[in-house]
Structure formats: structure tokens, C-alpha cells
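Q: Here's a sequence, model it:
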Amino acid sequence: MPPTVAVEVVLLSEQDGRLCYRDLRGPLVDGLHPDDLARRLAGLTLCVPGALLHSTSWRMDEGAVVLTYAALPDLDPGARPRAVRVDAMSGGGHPLTPSPHTVDLDAVAVHACRHLAMLATTDETVEGVVPLLPGLWELLRKLPPSPAGALGPAPL
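A: Coordinates of the predicted model:
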């Protein structure tokens, strides 16, 4: 029996000058594309100024494959977001086991944020939305940028 697949969305916001996040998760049902489920969970449409959805990572969690997306803006940031912990990290610990046994959600969030920080200067699509949410992107761009797959902190 194949593992269950879940889509997780890390919704990003700026709260009182701090980079914050909250997460939502839903099961992927037959026939639905993960992008579509992520967009639905985040509530993002073409009418949301500065809206961005980007696939950032995957992991195994309690027998399920979890596909993680970063999404912004969070359309309901009052729903108890958490501050992004820029020092959070997870790693496999061995060259032949790159996937950690467990991954802290704070590490997932900061990984997504660092990836967006890199894309803000390397991806034309992402660069195009940066000016539409200047406060949020100012906070994201302060983080050390890192490519997908690098969960540890980038060197300063």
C-alpha cells in the first residue's frame, strides 16, 4: 500500500515587524494536483496582490509523504501565527541518510523562508511579486538565502 500524501502550507506574514508563520495541512485526494490543494488551503487566488505559492520541500511524517509549500500573504494572520525561528534546523546526520527521522515545524518554516530569500533575486516570477508586499519581503530578504534541500543554516 503506498503512503498517504499530505500537502502542507506554511503561510507567511509580517506581525509587528516580525516574520511569522502558521501551517495548514490537508490530505491529497485522487485526481487533485498538489498545487491546487495548496492554493485552496492558503485561500490564494489571482485577485490577491502579491500572492505567491512555492513548493519548498517534502518529508516523511508518521507514514505520510508531506509536500510543503510556502504561501504568502497569509490572508488570516490573526489566526495565531508563530514567529519564524531563524536558528531552527534539522538534518539527517549521515551522508547516506539525508532525511531526518523527525523534522521540527520551525525548521520547515525557516527553510521555506530562506529558499524564498534566494528566489527573490534569482527567479523572475518571484522577483515580480516582491514589490507588492514590501514589508514581508524586507523581512524575508534579511535571511541568509539557501537552495532547496539545505535545511541547515546558511553561512553568514
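Q: Please enumerate the helices of the protein.
A: Using DSSP state H, the helices found in the chain span residues 34-42, 105-122, 124-129, 134-141.
Q: mind putting these in TSV, mean pLDDT included?
A: Output for these, formatted as TSV (pLDDT from 0 to 100):
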stretch	mean pLDDT
helix 34-42	97
helix 105-122	93
helix 124-129	95
helix 134-141	96
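Q: what's the most buried one of those?
A: Compared across the helices of the chain, helix 105-122 shows the largest average neighbour count, a mean of 22 (mean count of other CB atoms under 10 Å). C-betas here are computed from N, CA, C, even on glycine.
Q: That one vs helix 134-141, what angle?
A: Computed by axes from the mean of the first three to the mean of the last three CA atoms, to 10 degrees, the angle separating helix 105-122 from helix 134-141 equals 100 degrees.
Q: just checking, what packs against helix 105-122?
A: Of the remaining helices and strands, those touching helix 105-122 by 3 or more CB pairs under 8 Å, 6 or more residues apart in numbering; DSSP states H and E are strand 4-15, strand 18-27, strand 52-61, strand 64-72, helix 124-129, helix 134-141.
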